[in-house]
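**Q** Give me coordinates for this.
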Amino acid sequence: MTRFTALLLPLLICTATANAAELTASVDRSRLNSGETVELTLESNDVTQFGKPDLTPLEPLFEVRGTRQVNQLNTLNADSHATTRWIITLLPRQNGSVVIPPLQMGDVQSQPITVQVVESDTREDKNSLDPVFIQASLDQPSVYVQAQAILTLRIYHSVSLYDDSSLTPLEVTDARVEQLGDTRTYEKDINGMRHGVIEMRYAIYPQHSGSLTIAPQTFSATLVDTQSTQDANAQGPKTGKLLRINSTPMELTVKPKPLTYPADAPWLPARSLTLSESWNPEPNHTQVGDSLTRILTLKVEGLASSQLPALPGTEANGLRRYPDQPVLSNQSSDRGLIGTREEREALVPSRSGSIELPTVDVIWWNTFEDHLEHSSLPARTLQVVNNPSLQVDTPAGNSPVMSTADSEALWWWKLSTLILACTTLLGFGLWWRARWQPAILRAAQTGPSPRTLLDDIKRASQANDPQATRQALDAWARQQPETLADMAARFVPLSDALDGLNGALYSETGQHWQGEDLWRAIRTIPMAERVQDPTTDSSLPPLYPK
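**A** Here you go, the predicted structure:
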């Protein structure tokens, strides 16, 4: 049996490795002009696989310009992960929608990828015969104010350049500028000559209507002198010609906000917009006091996340709302910037029954189709049931409840009787034991005194511990002649402090709660509404003053 297990174990390991192996394909861009190259990256995590992918299926549609292999070993928490990448430079042979077919390597196969090859402008650039020239283009001649315009800068070079090239930073007056992704490098055939291309893309957001001027950009580089490089010593200084070229200035027409756009709505010009929501947990079986997290996500193509407005909060009768800070993120795509705003809020039902949540509506201007649009989440109804665990402290509807006036009168009668009894006992005790001993007698109690419970509230609130404060507050409230809700209704500072404590208990920001306001409110409840510790008023003047 042991020998059989030893033979089976390597087979199982090899089978698991083969099942985990995969060949992933990706491209550096999915849209390119005719004559330009695209880089296809194949990545494998199977370290037992040798050789290289079969590139034969590429030949009918692409010219393979070059292939290089990169091996990488990543170590995280003592766990090593090895990957192998093949970077293949492809030149499409035709225009339109071209599919990169699946490629095979061993027993694994990559997925197909579709790229769009656009016909280049047939007009010849007057600088296209220069060894180095620069082109600048805008994706559209006019945009609305604060909408996105994409500027593309391409530097073409048919000669070798040193790696000291630089481009002046893009600065546009009265506009915000965001760079889209990293700098791209690829090749393009122009007039039968192969050119290297350095491409940079920027998103420009004009802040005022009118005409916007984009100043020329300067590209600097050193040309490699091949003859001098062959003659010079390998350790000698680099020789070559320093070259500076400028792009042509460009004008962008900026249109004002349309007159049909609502004046009271935030201006939101975008190519597309999606509004979605999610819940944690799902509000299917909700009880009074449960905490529900509602996540609203606004995703906009053509705007940065900092330009997105705040979404309306969930306001409904019988629902307490505790919002968190919004989460903003940006993502670059072939059509510009995609901004995302995510807003979270904790919702706590305070009553049972049906609670209606209003519609969430976002007004925006569709710049692609040039018209006003509304994106909204439909209204929904939360069905909330009673929570059995919260009904213990709630008095029954048919049980007699003592009025506040009767409760206060009974309390003062008990207090006066207690003081009289303590005075009599102290008088006799002090006369027999010591005529100079202070006349103080503590009343015996069967449980924690109100003073002890108040000290517990003080310690927990000053330690900013919402859970301990809530427990101490409940224990103190059980000894009072009226409920905590009645006290909060009579004293506004106590009501505000309890709302802050509930917000800390039900939201994700409890660690930032400060308990000083609650302790101040408990300490300053008006005399007519606060339960007093009888021990604080039981001291008497000495029987035999000096």
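
**Q** in the chain, which spans are helices?
**A** Taking DSSP state H, the helices of the chain run over residues 2-20, 226-231, 404-433, 450-462, 466-477, 484-490, 492-506, 516-523.

**Q** Can you lay out these as a markdown table showing mean pLDDT, distance to residue 300 and mean neighbour count?
**A** Every residue, glycine included, has its C-beta placed from N, CA and C. Putting those into a markdown table (pLDDT from 0 to 100; distance: least, CB to CB, whole Å; neighbours: other CB atoms under 10 Å) gives the following:
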| stretch | mean pLDDT | distance to residue 300 | mean neighbour count |
| --- | --- | --- | --- |
| helix 2-20 | 45 | 38 | 9 |
| helix 226-231 | 55 | 50 | 10 |
| helix 404-433 | 76 | 56 | 12 |
| helix 450-462 | 84 | 43 | 18 |
| helix 466-477 | 85 | 37 | 18 |
| helix 484-490 | 82 | 43 | 15 |
| helix 492-506 | 83 | 30 | 17 |
| helix 516-523 | 86 | 39 | 17 |
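
**Q** any chance of the ones you listed in a markdown table, plus distance to residue 197?
**A** Listed next are the helices of the chain as a markdown table, based on distance: least, CB to CB, whole Å:
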| stretch | distance to residue 197 |
| --- | --- |
| helix 2-20 | 38 |
| helix 226-231 | 21 |
| helix 404-433 | 84 |
| helix 450-462 | 66 |
| helix 466-477 | 60 |
| helix 484-490 | 70 |
| helix 492-506 | 56 |
| helix 516-523 | 63 |
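
**Q** Residue 359 is nearest to which of these?
**A** Among the helices of the chain, the nearest to residue 359 by CB to CB is helix 492-506 (24.6 Å).

**Q** List of residues touching stretch 360-375?
**A** 143-144, 147-148, 257-258, 260-262, 265-275, 277, 296, 298, 300, 302, 311-312, 376-377 (CB atoms under 8 Å, 6 or more residues apart in numbering).

**Q** Next, the buried residues of that stretch.
**A** Buried positions in stretch 360-375, judged by neighbour count with 16 or more other CB atoms under 10 Å: 360, 362-367, 375.

**Q** again, but for stretch 199-217
**A** Using 16+ other CB under 10 Å as the test for burial, stretch 199-217 gives 199-206, 212, 214, 217.

**Q** gap between the two ends of that stretch?
**A** End-to-end distance for stretch 199-217: 13 Å, by CA to CA, to the nearest Å.

**Q** May I see the domains of this protein written out as residue ranges?
**A** Listed domain ranges for the chain are 19-118, 132-255, 269-389, 421-537 (source: automatic domain parsing).

**Q** so which of those domains comes closest to residue 411?
**A** Nearest to residue 411 among the domains of the chain is domain 421-537 (6.5 Å), distances taken as CB to CB.

**Q** ok, now which ones touch residue 469?
**A** By CB under 8 Å, 6+ apart, the neighbours of residue 469 are 457, 460-461, 501, 515, 518.

**Q** Same check on residue 518?
**A** Counting by CB under 8 Å, 6+ apart, residue 518 touches 457, 461, 469, 473, 494, 497-498, 500-501.

**Q** same question, residue 199
**A** Residue 199 sits in contact with 152-155, 183-186, where contact means CB under 8 Å, 6+ apart.

**Q** Pull out the buried residues from the residues you listed.
**A** 153-155, 186.

**Q** Nearest to residue 102 among these?
**A** residue 186 (23.1 Å).

**Q** got the contact list for stretch 298-305?
**A** When contacts are defined by CB under 8 Å, 6+ apart, stretch 298-305 is touched by residues 147-148, 176, 178, 203, 205, 268-276, 308, 311, 328-330, 333, 335-343, 362, 364, 367.

**Q** Quick check: bridge partners of the closest residue to residue 286 other than its chain neighbours?
**A** Nearest residue to residue 286 in three dimensions, chain neighbours excluded: residue 384, at 5.0 Å (CB to CB, 6 or more residues apart in numbering). When assigned by DSSP bridges, residue 384 has beta-bridge partners residue 286, residue 353.

**Q** Contact partners for residue 384?
**A** Applying CB under 8 Å, 6+ apart, the residues near residue 384 are 286-288, 318, 349, 351-355.

**Q** Throw the residues you listed into CSV and include neighbour count and distance to residue 94, thanks.
**A** Below are the contacts of residue 384 laid out as CSV (neighbours: other CB atoms under 10 Å; distance: CB to CB, whole Å):
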residue, neighbour count, distance to residue 94
286, 21, 58
287, 14, 63
288, 19, 66
318, 16, 64
349, 24, 62
351, 11, 67
352, 15, 67
353, 12, 65
354, 9, 61
355, 21, 60
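
**Q** Residue 224: which of those is nearest?
**A** Among the contacts of residue 384, and counting by CB to CB, the member closest to residue 224 is residue 286, at 70.6 Å.

**Q** ok, so what distance separates residue 65 from residue 157?
**A** Between residue 65 and residue 157 the computed distance is 16 Å (CB to CB, to the nearest Å).
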